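[1] quick one, what's the 3D model for this:
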Amino acid sequence: MSWDYLSTILKPMLEGAQTTVFMFLLAIVLSVPLGFAVTLAMRSQIKPLAWIAHTYVYVMRGTPLLLQILFFCFGLPLLPVIGEYLVFDRFVAAGIAFILNYAAYFAEIFRGGLLSIDKGQHEAAKVLGLTKWQTMTKVIIPQMIRVVLPATANESITLIKDTALLYAVAVPELLYYAQAAVNRDIKLLPFFVAAVMYLLMTLVLTVLFKALEKRFSFE
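    Residues are numbered from 1 along each chain as shown. Sure thing, here's the model as predicted:
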């Protein structure tokens, strides 16, 4: 293996990895709170709101993420009347798709976490004189976080890998530069370097979530 060649391909791939990490951070930071809001909407007593939330989750989870990315990148501008106002940069359009898609998955995770909390917790909080807001923030959400952390970790690791789908809309991320190097040089090394980078990113996430699980453990 030539170290000169490795250094040559490493620079653009590191630039691509920055795009990968930025998309991951953008998606995770926005999709988690949006997912929790959707969870609350699904549990709402307002039937139309609950129906809209359930339909949104069904559509986003029932269609491929790649299809959603293609729609937001190339389909939105084709919509009649409003299409001309919905032309976004490809990174932005793909980011919207990632956020909406993962918000739906997180919504289901959070819904399962809330359902796992014993109803007696609500009654006990009411006896103690806690308001609904205090009950949710001080009693229910901390317990929910402990329950949903493993599933959230899995989704987060999946998200960092799914950023490779940006390649399909020519956003220059890690896989984009790896494929370009392979096509140019007819060598497999760029793919191995990309694999190592993805493994390092998922390792960081794994360690982080293990620490969070330990932090929120009641044991």
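
[2] okay, helices next: where are they in the chain?
    Residue ranges of the helices in the chain, as given by DSSP state H, are 3-42, 47-62, 65-70, 90-115, 119-127, 132-134, 141-162, 174-185, 189-216.

[3] now these as a markdown table including mean neighbour count?
    (Each C-beta comes from the backbone N, C-alpha and C, glycine too.) Formatted as a markdown table, these follow (neighbours: other CB atoms under 10 Å):
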| stretch | mean neighbour count |
| --- | --- |
| helix 3-42 | 17 |
| helix 47-62 | 14 |
| helix 65-70 | 18 |
| helix 90-115 | 21 |
| helix 119-127 | 12 |
| helix 132-134 | 11 |
| helix 141-162 | 18 |
| helix 174-185 | 19 |
| helix 189-216 | 15 |
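
[4] worst average pLDDT in those?
    Within the helices of the chain, confidence is poorest for helix 119-127, with a mean of 70 (mean pLDDT).

[5] excluding sequence neighbours, find me the nearest residue to T19.
    With CB to CB, 6 or more residues apart in numbering as the criterion, T19 has its nearest non-adjacent residue at 4.4 Å, and that residue is E173.

[6] with L86 instead?
    L76 (4.0 Å).

[7] surely the one you found touches R90?
    No. Here L76 does not reach R90: they are 11.5 Å apart, not a contact under CB atoms under 8 Å.

[8] re the thing from before, to I82, which of the helices of the chain lies closest?
    helix 90-115 (14.7 Å; CB to CB).
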